[in-house]
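Undergrad: Turn this into a structure:
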Amino acid sequence: MSLLTVNDLRTYFHTRNGVYRAVDGVSFSVARGETLGIVGESGSGKSVTCYSLMGLVPQPPGRIESGTAMFDGVDLLHCSPAESCRIRGKRIAMIFQDPMTSLNPYLRISEQLIEPLLIHEKLSKAEAIRRGLEALEAVGINDPAKRMSLYPHEFSGGMRQRVMIAMALITKPELLIADEPTTALDVTVQAQILELIKKMQRELGMAVIFITHDLGVVSGLCDRVQVMYAGRIVETTDTRTLFYQPKHPYTRALQRSIPSLQPKGSELYTIRGMPPDLSKPLPGCPFAPRCEFAVEKCITTPVRLTEVAPGHSHACLRAQLGEI
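TA: The predicted model follows:
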């Protein structure tokens, strides 16, 4: 049974230079206990999709034009501010992209960590501090009693990210949204953070939406993956199928871009061209100008995300026709 079901989400940014279709008709679902990966280049709409669900898109210039996001019977896109506040931070939590800027530099770690408990669970400050110490210990921070009274600048990048994870998980949410939580970290700390998220997920039984541009992370963490390009989902399937039987040329190009898969000493593969201008109409496949398999009809013919096998959908016209 799905915990979250998103249908036809469209989030546009209205600027002086035009209307930018950052998220353009995205639909997906997440089951309880499942890990869904969202991958794609920078600017593909991954973060804006989740910011829309959390009500964090600045309005103006952003505006949610259409769609529904049903979370356990509540539409996150159209619920009242009071209902939204009861869900955000309690039942749905988010780890933000940059641990260096996500914490308030003027507040001690203790004040930021226990705030969700004071607001959502109405605990006394003493009880909230006790829960905060347990949360810091759970994410692997040594001597939590001492570190609770420190400021963010007294922590390293990896330690700040652990604090962010502790803040997100302290209310035992049903859904965790992790927005590239390991981007600013070195490889060793990255592995520790990913293992920590998996451990906490097993203990709490929560669903996870994991946003990343690193396919290596996806392979070891996610049950299902959806690939985004130009604000749209171009392919979605289970992780194993995505790596062994990718259908969309963009998914194949992303895999060819993984440095560890390149022959030693050869020039690294790069996807030619640039992502499209989202303020201009895209009548056909948005990846067509950069695709080595594209023909004229790919540029002019509308293409829809179509299921080609159970649980496997993609939006490549020529692959759907069996031409590639």
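Undergrad: Could you report the pLDDT at Pro105?
TA: We have a pLDDT of 88 for Pro105.
Undergrad: Helix or strand for it, just tell me which one.
TA: Using DSSP states H and E, Pro105 falls within no helix or strand.
Undergrad: Name the nearest residue to it, sequence neighbours excluded.
TA: Closest residue to Pro105 apart from its sequence neighbours, by C-beta to C-beta, 6 or more residues apart in numbering: Pro152 at 5.5 Å. For glycine as for every other residue, the C-beta is placed from the backbone atoms N, C-alpha and C.
Undergrad: what's stretch 247-263 in contact with?
TA: Stretch 247-263 is touched from outside by 39-40, 215-216, 227, 229, 234-235, 242-243, 246, 268-271, 287, 290-294, 308, 312, 314-316, 319, 324, with contacts defined as C-beta atoms under 8 Å, 6 or more residues apart in numbering.
Undergrad: still on that earlier bit, the residue nearest to Pro105 reaches Ser110, doesn't it?
TA: No - contact criterion C-beta atoms under 8 Å: Pro152 and Ser110 do not qualify, at 11.6 Å.
Undergrad: Okay, strands next: where are they in the chain?
TA: For the chain, applying DSSP state E gives strands covering 2-15, 18-31, 35-39, 62-71, 74-75, 92-95, 175-179, 207-212, 224-229, 232-238, 306-309, 312-314.
Undergrad: now those as a markdown table including mean neighbour count and mean pLDDT?
TA: Formatted as a markdown table, the strands of the chain follow (neighbours: other C-beta atoms under 10 Å; pLDDT from 0 to 100):
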| stretch | mean neighbour count | mean pLDDT |
| --- | --- | --- |
| strand 2-15 | 19 | 92 |
| strand 18-31 | 19 | 91 |
| strand 35-39 | 25 | 93 |
| strand 62-71 | 17 | 90 |
| strand 74-75 | 15 | 88 |
| strand 92-95 | 25 | 89 |
| strand 175-179 | 24 | 90 |
| strand 207-212 | 24 | 91 |
| strand 224-229 | 24 | 94 |
| strand 232-238 | 24 | 93 |
| strand 306-309 | 12 | 88 |
| strand 312-314 | 20 | 92 |
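Undergrad: As TSV, those with distance to Arg130 would be great.
TA: Listed next are those as TSV, based on distance: least, C-beta to C-beta, whole Å:
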stretch	distance to Arg130
strand 2-15	29
strand 18-31	32
strand 35-39	30
strand 62-71	30
strand 74-75	31
strand 92-95	20
strand 175-179	23
strand 207-212	26
strand 224-229	37
strand 232-238	41
strand 306-309	49
strand 312-314	47
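Undergrad: ok so, going back, what number of residues lie near the residue nearest to Pro105?
TA: By the criterion of other C-beta atoms under 10 Å, Pro152 has 20 neighbours.
Undergrad: Show the model's pLDDT score for it.
TA: In this model, Pro152 is scored at 88, pLDDT.
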